[in-house]
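Asker: Pasting the sequence and the predicted model now:
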Protein chains: 2
Amino acid sequence: MANIKDIAKKAGVSVTTVSRVLNNHPYVSEDKREAVLRVMEEFNYQRNINAVHLSKGETLLIGVVVPFTNHPYFGLLVEGIANEAMKNNYKLVLFQTNYQEDREIEALKMLQHKQIDSLIICSRICEWDVINQFTEYGSIVLCEDARNRNVSSTFIDHYMSFSNALEYLHNKGHQKIGYCIGRKTGANSRQRGKAYADFLKRIDEPYKEEYIFYECLHFEHGEEVVRRLASLDNPPSALLVTSDFAAAGIVTSCREKGIHIPDDLAIMGFDNQPIAKIMHITTLEIPLVQMGRQLLLQAIDGKKHTHEEISVKLIERQTV
Amino acid sequence: MANIKDIAKKAGVSVTTVSRVLNNHPYVSEDKREAVLRVMEEFNYQRNINAVHLSKGETLLIGVVVPFTNHPYFGLLVEGIANEAMKNNYKLVLFQTNYQEDREIEALKMLQHKQIDSLIICSRICEWDVINQFTEYGSIVLCEDARNRNVSSTFIDHYMSFSNALEYLHNKGHQKIGYCIGRKTGANSRQRGKAYADFLKRIDEPYKEEYIFYECLHFEHGEEVVRRLASLDNPPSALLVTSDFAAAGIVTSCREKGIHIPDDLAIMGFDNQPIAKIMHITTLEIPLVQMGRQLLLQAIDGKKHTHEEISVKLIERQTV
């Protein structure tokens, strides 16, 4: 492919002149401009946009870190991010980490090396001291409560919403309540775990490890939860399930085994995904698409750090 | 931030020398190399990787065009692409098109402008004459049968697999068979439509527009299908459903309405997603993660065009 030097030579002008034509610089004679444009057309010259961005110091690329691309929670979040990116002429660079720290660091290094303008971390693995080493290179936006940190964030108060959900089940007469969650660690999981422990103290119930189900993300994980419930001598009468798809899997598996919902087991989902509506699952609505849009806007907002708390809403249906 | 000129000045060497140090060029004295490295450290100098790639003419970015990010079919395909990209040190630039042609063209233009090395189109909207204008700029890989085209492809023989699925239902005693699909147009949908029309001719059944259900992608779309089936005087006795999630939605909605599966209505899904296993849905297994991996490998393979046909497998369960 022809480069700027080839064009200069063929047009009989200097490289500087070609560069000026490319950048619409005023100090180029009409003759030379025309000669350059003619040669560019002849060579079917494609300007290397990376060179253009290089001169402006921006890429119009925004990195998005997700643990999995094929989970409905992250699916909706990325949908919101992608829709807003499109509107603002940004493209997304996707980092699927499978919750491996070195992959998140790779994304942070792309920010450091100016390969992306900013980075949205939908679910963080790295500790704050790692993140802090990269905040000077571009804006980092998190989907967790990161007030007082050198980043922007859009978040749910997971402690409060989990506490409220537990109180709701308790007010419905449940004393033995368990929960299903995606991972043990992570800021949001820790907040929920703390809300659960504090709730148990309030209602004076012992903490039972067997009432907590980890790695519960997808529809198919519901079957395993129901199998483990059946093996317990003293099973919970209600479950908070932090994914509507996993909740739907539990409901489906209970139906097959003749376990009646909500009489034998009450189920409360999270997110208010469409599957929750169809299957009449009581759930906590989290506006994921809206949160995704907000994350993108914060990412392109540059150095100014902002923090947006998003509120959740209880949707009462038939599983509690 | 310090640039290469600042470093040269501070280190008392020429810009060329700094450049040579950055590129591990041999003709630099040890003294000068050390001086440059010391200043780089002092300035906390971050090399602009775009400039490095620019000199090599590659970005290590691969574009991925999907209509939606939050659909389980594309979720698994992108998972395969992302896993293989990670292994090969490539990053993905995601284009969510919502099936809008101009967004696919945007992705093609990023290829043209060297912002990505290659482009994977998971579901094409543009006509071939549009795609053809961009094939010279980098490798384009499609997830449809594109033999005899100037691109690479990984594909299912949708005509044959749809024909076989229809024959399977026919052999099970069904004469009135309908199908549910995502979109009307698109190469894969057209192949399936042709297989359906040819099958009807073979078994001497009339073509009934009301037996075909479009926009059937997600779990929640199953409810609408069952509602429309109930309004038909002469409904089909079997449905091919090209998404397991939509099939699961149909099965769930039928259960609620007391429609017995498979006696009142036989359902055959596509993909063999985990939800099909849990809900005992007979389905056609399509190895989407494996196809995603293959698409990525073809994308980084450069100019050589290859075409990989992937075979499908019937998984017999309880809904036919």
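Answerer: Great, that's in hand. Keep in mind that what you see is a predicted model, and the values were worked out from it rather than measured.

Asker: Quick check: beta-bridge partners of A:Leu94?
Answerer: A:Val64, B:Leu92 (DSSP bridges).

Asker: thought it was touching A:Pro67?
Answerer: No. When contacts are counted by C-beta atoms under 8 Å, A:Leu94 is not listed as touching A:Pro67 (11.8 Å). C-beta coordinates here come from the backbone N, C-alpha and C atoms, glycine included.

Asker: Spell out which residues make up each domain of chain A.
Answerer: A:4-47, A:59-156+A:289-310, A:158-287 (automatic domain parsing).

Asker: which residues of chain A fall in helices?
Answerer: For chain A, the helices defined by DSSP state H cover A:4-11, A:15-22, A:30-42, A:49-56, A:72-87, A:101-112, A:128-132, A:158-171, A:187-203, A:221-230, A:244-256, A:274-278, A:288-300.

Asker: Using a markdown table, lay out the ones you listed together with mean pLDDT, mean neighbour count and distance to B:Ser243.
Answerer: Shown next, in a markdown table, are those (pLDDT from 0 to 100; neighbours: other C-beta atoms under 10 Å in any protein chain shown; distance: least, C-beta to C-beta, whole Å):
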| stretch | mean pLDDT | mean neighbour count | distance to B:Ser243 |
| --- | --- | --- | --- |
| helix A:4-11 | 84 | 17 | 49 |
| helix A:15-22 | 79 | 18 | 47 |
| helix A:30-42 | 84 | 15 | 47 |
| helix A:49-56 | 56 | 15 | 37 |
| helix A:72-87 | 90 | 24 | 14 |
| helix A:101-112 | 93 | 19 | 30 |
| helix A:128-132 | 96 | 14 | 38 |
| helix A:158-171 | 97 | 19 | 31 |
| helix A:187-203 | 95 | 17 | 30 |
| helix A:221-230 | 96 | 18 | 20 |
| helix A:244-256 | 94 | 25 | 15 |
| helix A:274-278 | 87 | 22 | 13 |
| helix A:288-300 | 95 | 23 | 21 |
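
Asker: and those helices as CSV, adding distance to chain B?
Answerer: Formatted as CSV, those follow (distance: least, C-beta to the nearest C-beta, whole Å):
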stretch, distance to chain B
helix A:4-11, 12
helix A:15-22, 13
helix A:30-42, 14
helix A:49-56, 4
helix A:72-87, 3
helix A:101-112, 6
helix A:128-132, 14
helix A:158-171, 22
helix A:187-203, 20
helix A:221-230, 6
helix A:244-256, 6
helix A:274-278, 4
helix A:288-300, 9
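
Asker: Adding distance to B:Lys5, write these out as TSV.
Answerer: Putting those into TSV (distance: least, C-beta to C-beta, whole Å) gives the following:
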stretch	distance to B:Lys5
helix A:4-11	21
helix A:15-22	18
helix A:30-42	27
helix A:49-56	14
helix A:72-87	34
helix A:101-112	21
helix A:128-132	29
helix A:158-171	48
helix A:187-203	42
helix A:221-230	56
helix A:244-256	55
helix A:274-278	56
helix A:288-300	29
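
Asker: between these, which gets nearest to A:Glu215?
Answerer: Taking C-beta to C-beta, helix A:221-230 is the member of those nearest to A:Glu215, at 6.7 Å.

Asker: Tell me what angle the closest one forms with helix A:244-256.
Answerer: Our comparison of helix A:221-230 with helix A:244-256, counting by axes from the mean of the first three to the mean of the last three C-alpha atoms, to 10 degrees, yields an angle of 50 degrees.

Asker: What lies in contact with helix A:221-230?
Answerer: By C-beta atoms under 8 Å, 6 or more residues apart in numbering or on different chains, the residues outside helix A:221-230 that reach it are A:180, A:210, A:213, A:215-216, A:235-236, A:239, A:246-254, A:257, A:259, A:265, B:278.

Asker: please redo it, this time with the cut-off set to 6 Å
Answerer: A:180, A:213, A:235, A:246, A:249-250, A:253-254, B:278 (C-beta atoms under 6 Å, 6 or more residues apart in numbering or on different chains).

Asker: about what we covered before: make CSV out of the domains of chain A and add distance to B:Met291.
Answerer: Listed next are the domains of chain A as CSV, based on distance: least, C-beta to C-beta, whole Å:
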stretch, distance to B:Met291
domain A:4-47, 31
domain A:59-156+A:289-310, 13
domain A:158-287, 20
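
Asker: Which among those is found nearest to B:Ala197?
Answerer: domain A:158-287 (31.7 Å).

Asker: what's the first-to-last distance across that closest one?
Answerer: Domain A:158-287 has its terminal residues 14 Å apart, counting by C-alpha to C-alpha, to the nearest Å.

Asker: Backbone dihedrals for the most centrally placed residue in chain A, please?
Answerer: Among the residues of chain A, the one closest to the centroid is A:Cys122, at 2.9 Å (C-alpha atoms, centre = their mean). Backbone torsions of A:Cys122, given as degrees, to the nearest 10, read phi -70, psi -30.

Asker: Is it in contact with A:Leu142, as I believe?
Answerer: No. Counting by C-beta atoms under 6 Å, A:Cys122 does not reach A:Leu142; the two are 8.3 Å apart.

Asker: returning to that earlier point: compare the helices of chain A and give me the one nearest B:Tyr73.
Answerer: B:Tyr73 lies closest to helix A:72-87 among these, at 11.5 Å (C-beta to C-beta).

Asker: Other residues contacting the closest one?
Answerer: By C-beta under 6 Å, 6+ apart, helix A:72-87 touches A:64, A:66, A:92, A:122, A:245, A:273, A:288-289, A:292-293, A:295-296, B:69-70, B:96.

Asker: and which of the residues you listed is nearest to A:Val312?
Answerer: Of the contacts of helix A:72-87, the one sitting nearest to A:Val312 (C-beta to C-beta) turns out to be A:Leu288, at 10.8 Å.

Asker: roughly how far apart are the nearest residue to the closest one once chain neighbours are set aside and B:Gly75?
Answerer: Leaving aside its chain neighbours, A:Leu288 sits nearest to A:Leu76 (3.8 Å; criterion: C-beta to C-beta, 6 or more residues apart in numbering or on different chains). Going from A:Leu76 to B:Gly75 by C-beta to C-beta, to the nearest Å gives 12 Å.

Asker: shouldn't A:Val28 be in contact with A:Arg20?
Answerer: Yes. Assessed by C-beta under 6 Å, A:Val28 is found in contact with A:Arg20 at 4.8 Å.

Asker: quick one on the thing from earlier: where does the residue nearest to the centre of chain A land on pLDDT?
Answerer: Listed pLDDT for A:Cys122 reads 96.

Asker: repeat for A:Thr282
Answerer: 98.

Asker: Could you pull up the residues touching it?
Answerer: A:268, A:316-317, A:319-320.

Asker: For the residues you listed, which ChimeraX command selects only the ones that are buried?
Answerer: Only the buried entries of those go into this ChimeraX selection, using 16 or more other C-beta atoms under 10 Å in any protein chain shown:
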select /A:268,317,319,320
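
Asker: still on that earlier bit, pick out whichever of the contacts of helix A:72-87 sits closest to B:Leu111.
Answerer: A:Leu92 (16.0 Å).

Asker: Touching, that closest one and A:Gly63? I think so.
Answerer: No. The criterion here is C-beta under 6 Å, and A:Leu92 misses it with A:Gly63 at 7.6 Å.

Asker: From A:Trp128, how far out is the nearest residue to A:Thr135 once chain neighbours are set aside?
Answerer: Leaving out its chain neighbours, the residue that sits closest to A:Thr135 by C-beta to C-beta, 6+ apart is A:Asn150, at 4.4 Å. Here the criterion is C-beta to C-beta. By it, A:Asn150 lies 9 Å from A:Trp128.
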